[in-house]
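In: Sequence and predicted structure below; questions after.
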Amino acid sequence: MQECTKPIKVYPLYNSYYDCSTGGFLRGLTLLREMNTQDINSKRILLNFTCTEKLTV
């Protein structure tokens, strides 16, 4: 069964979808490298992210 943690908002905001997308992958890779390999394997941890546009009025 999958369990998700609360989303983490990242600041400062990105200026483009490209920046958000590449930043998400790089940040995810950094987080995985900081985690214990055995925990990742045994708990089948994976990371995901979403880039959404913030509309300003």
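Out: Cool, the structure landed. Numbering: from 1, shown residues only.
In: Could you name the helices and strands sitting against the helix or strand Ser42 falls within?
Out: Ser42 is part of helix 37-43 when elements are defined by DSSP states H and E. On a contact count with 3 or more C-beta pairs under 8 Å, 6 or more residues apart in numbering; DSSP states H and E, helix 37-43 meets no helix or strand. C-beta coordinates here come from the backbone N, C-alpha and C atoms, glycine included.
In: How far off centre is that helix?
Out: Computed by C-alpha atoms, centre = their mean, to the nearest Å, the chain-centroid distance of helix 37-43 equals 18 Å.
In: for the record, mean pLDDT for that helix?
Out: Across helix 37-43, the average pLDDT comes to 94.
In: contacts for it?
Out: Helix 37-43 is contacted from outside by 32, 45, using C-beta atoms under 8 Å, 6 or more residues apart in numbering.
In: Of all the residues in whichever strand or helix holds Arg33, which ones are buried?
Out: Following DSSP H and E, the helix or strand that holds Arg33 is helix 17-34. Neighbour-count burial for helix 17-34, counted by 16 or more other C-beta atoms under 10 Å, picks out 20, 24.
In: Identify the residues contacting that helix?
Out: Taking C-beta under 8 Å, 6+ apart as the rule, helix 17-34 contacts 10, 14, 40, 45, 47-49, 51, 53.
In: let's see it at 10 Å
Out: For helix 17-34, the external contacting residues (C-beta atoms under 10 Å, 6 or more residues apart in numbering) are 8, 10, 13-14, 16, 40, 45-53.
In: Nearest residue to the middle of the protein?
Out: In the chain, the centroid-proximal residue (C-alpha atoms, centre = their mean) is Phe49; its distance is 4.2 Å.
In: just checking, it touches Tyr14?
Out: No. Phe49 is beyond contact range of Tyr14, at 11.1 Å (criterion: C-beta atoms under 10 Å).
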